[in-house]
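Novice: Need the 3D shape of this:
(chains A, B, C and D)
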Protein chains: 2
Amino acid sequence: MSTTLKIASWNINSVRARIGIVEQFLRSESPDVLCLQETKVVDADFPAAAFQDLGYVHQMIRGQRMHHGVAILSRIPLHEDRHHDWQANGEARHVGVRLDCGIRLENVYIPAGGDIPDRALNPKFGQKLDFIERMTRWSEECDCPTILVGDFNVAPLECDVWSHKQLLKVVSHTPIEVEALTRLQSSNDWVDLGRHFHPAPKRLHTWWSYRSPDFSKNDRGRRLDHMWATRDVAAQATEHHVHEICRSWLKPSDHVPLVTEFVL
Amino acid sequence: MSTTLKIASWNINSVRARIGIVEQFLRSESPDVLCLQETKVVDADFPAAAFQDLGYVHQMIRGQRMHHGVAILSRIPLHEDRHHDWQANGEARHVGVRLDCGIRLENVYIPAGGDIPDRALNPKFGQKLDFIERMTRWSEECDCPTILVGDFNVAPLECDVWSHKQLLKVVSHTPIEVEALTRLQSSNDWVDLGRHFHPAPKRLHTWWSYRSPDFSKNDRGRRLDHMWATRDVAAQATEHHVHEICRSWLKPSDHVPLVTEFVL
DNA sequence: GCTGTGCTCG
DNA sequence: CGAGCACAGC
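Specialist: Okay, the predicted model is just below:
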């Protein structure tokens, strides 16, 4: 006998502004667990009831005023929730739990890093690289079956962006960020599920800027969102989808949801 | 042979935020002329095309950044537009035109007057009374058939408010404002079309605060919006309606439209 | 409450 | 472009 586990991850850019389309997504996809990033709301104002009404009664919420904020909403029990604050700056960028099957699920929102890809000129860029380094130290110590999801704010491969050449000096696709993310991936037995199911050089994007007027016409996307799993767990993955369609919905997030199914 | 003339007036509290419901109203009521107050937009950004598409190709727009702003949108020709600035402060509170039938149509947005009904403590209250006085001087000189509409921000009669007693010291229903409005009405042969068709003590309201959560439940309305006509024109009026239903629409204005039909 | 504005952030 | 916030005005 086998059970399936369906995990979704989505940077929704304000859970309150997006509650309608998140419900729509949950109704159509029915994942067992939904990981959110950029909820942008303090825990007291999190729209918990809306998720409860759809069966997501197990909730691990870590929000803050205005920026960042992560949450795990689940139809299956969640245990041993931990909130890492790797940079000890109080930013709500991580929440992790253990599922009944023993797998740990880690939900992360890596800093965007500002506009200028230079540690000296732009402290936010330094903070981003530092965040990835500290995550790498943490990842080295991870010793159980783990799924790591979230908005990593890095598009590592050439085919992860609409134009490798034009984005080489644009934060999210610079060599220094890609190297940092590669070290994170190498620091444990991480399998990039996106590329496992949709190998390069296939086009795979999860984010389109609001600033580009017609996202589907110009298609200037980047793969900033990721789902990784330790090799043992990745071996149980059966499907992985990027729900591009959600970018065309009314009042969309600039990110779209990722979904992976596992057979345990 | 006779022709009908259907005039509507509506404080829409931002024409851009309300463009959808104004279109809905125009489609269902099809007035010949629509007078708007509180358009809250500079002329360059006025959604002129939306009105043109519905046949309102004759437009006299007097807007300003952020506050106030009036407009006359019409399916019939408009002539001799005049913008009075009675207080010479640059506020866009009036636009008037002449119709082909010879009637003048004057569209006014009288200042709200702030919170405290005291000239000394609250300059806005003084400005409101001064505005009405200056309008009175102008009204005395009006010597042609005229329809005067708009948001007067005064509910003169006891039955114009949900509680006469509780509003006696609330700006919009204080004796000093009512007296000022009465002087304005007496300064020419003005007929209050609202009360002509719906005589006191009938309840007649055109505005419900956003702050009262369920407007229809508590029904704490006031008659702040008015349509007046000189006696000759008033004699040609056949119907006058307050479209209360518009207050229950999605994302409503706090005011509802008034409509009068004339047979010329 | 619900507009507008200006601001920061991505 | 579109979230968040703060403020003013009604």
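Novice: And stretch A:74-89, what's buried?
Specialist: Residues A:74, A:75, A:78, A:81, A:84, A:86 are the ones in stretch A:74-89 that count as buried (16 or more other Cβ atoms under 10 Å in any protein chain shown). In this view, the C-beta of every residue, glycine as well, is placed from N, C-alpha and C.
Novice: Just the C-alphas of the helix or strand hosting residue A:217, formatted as PDB.
Specialist: Assigned by DSSP states H and E, residue A:217 falls within helix A:215-218. Extracted C-alpha coordinates of helix A:215-218, given in PDB (Å, rounded to 0.1, in the frame of the first residue of the first chain):
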ATOM      1  CA  PHE A 215       3.700  39.000 -19.100                       C
ATOM      2  CA  SER A 216       2.600  36.400 -21.600                       C
ATOM      3  CA  LYS A 217       3.500  38.500 -24.700                       C
ATOM      4  CA  ASN A 218       7.000  39.400 -23.700                       C
END
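Novice: does the closest residue to DNA strand C within chain A count as helix, strand or coil?
Specialist: Proximity of chain A to DNA strand C (Cβ to the nearest atom of the strand) peaks at residue A:112, 3.6 Å away. Three-state call for residue A:112 (DSSP: H, G, I helix; E, B strand; the rest coil): coil.
Novice: Which parts of the helix or strand bottoming out on mean pLDDT in chain A count as buried, going by neighbours?
Specialist: When the helices and strands of chain A are scored by mean pLDDT, DSSP states H and E, helix A:215-218 comes last with a mean of 84. Judged by neighbour count (16+ other Cβ under 10 Å), helix A:215-218 contains these buried residues: residue A:215.
Novice: what residues does the helix holding residue A:217 touch?
Specialist: Surrounding helix A:215-218, the residues in contact under the criterion Cβ atoms under 8 Å, 6 or more residues apart in numbering or on different chains are A:162, A:208, A:209, A:212, A:221, A:247, A:248.
Novice: picking up where we left off before, now distance to DNA strand C too, for the buried residues of stretch A:74-89, in CSV please.
Specialist: Output for these, formatted as CSV (distance: Cβ to the nearest atom of the strand, whole Å):
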residue, distance to DNA strand C
A:74, 26
A:75, 29
A:78, 27
A:81, 25
A:84, 19
A:86, 16
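Novice: Turn the residues you listed into CSV, columns for pLDDT, distance to DNA strand D and secondary structure.
Specialist: What follows is the buried residues of stretch A:74-89, written out as CSV (pLDDT from 0 to 100; distance: Cβ to the nearest atom of the strand, whole Å; DSSP: H, G, I helix; E, B strand; the rest coil):
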residue, pLDDT, distance to DNA strand D, secondary structure
A:74, 98, 23, strand
A:75, 98, 25, coil
A:78, 98, 25, strand
A:81, 96, 24, strand
A:84, 97, 24, coil
A:86, 97, 24, coil
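Novice: what about stretch A:158-165, average pLDDT?
Specialist: The pLDDT scores in stretch A:158-165 average 97.
Novice: Could you work out the end-to-end span of stretch A:55-75 for me?
Specialist: With Cα to Cα, to the nearest Å as the measure, stretch A:55-75 spans 6 Å from end to end.
Novice: what's next to that stretch, contact-wise?
Specialist: With Cβ under 8 Å, 6+ apart, stretch A:55-75 has contacts from A:15, A:26, A:32-43, A:46, A:48, A:51-52, A:76-78, A:81, A:83, A:90-95, A:97, A:105, A:107-109, A:150.
Novice: Hmm, residue A:51 and residue A:15 touching each other?
Specialist: No: look at residue A:15 against residue A:51 with Cβ atoms under 8 Å: they stay out of range, at 9.2 Å.
Novice: Let's verify the most centrally placed residue in chain A: helix, strand, or coil?
Specialist: Geometric centre of chain A, nearest residue: residue A:150, 1.4 Å, by Cα atoms, centre = their mean. Secondary structure, three-state DSSP: residue A:150 is strand.
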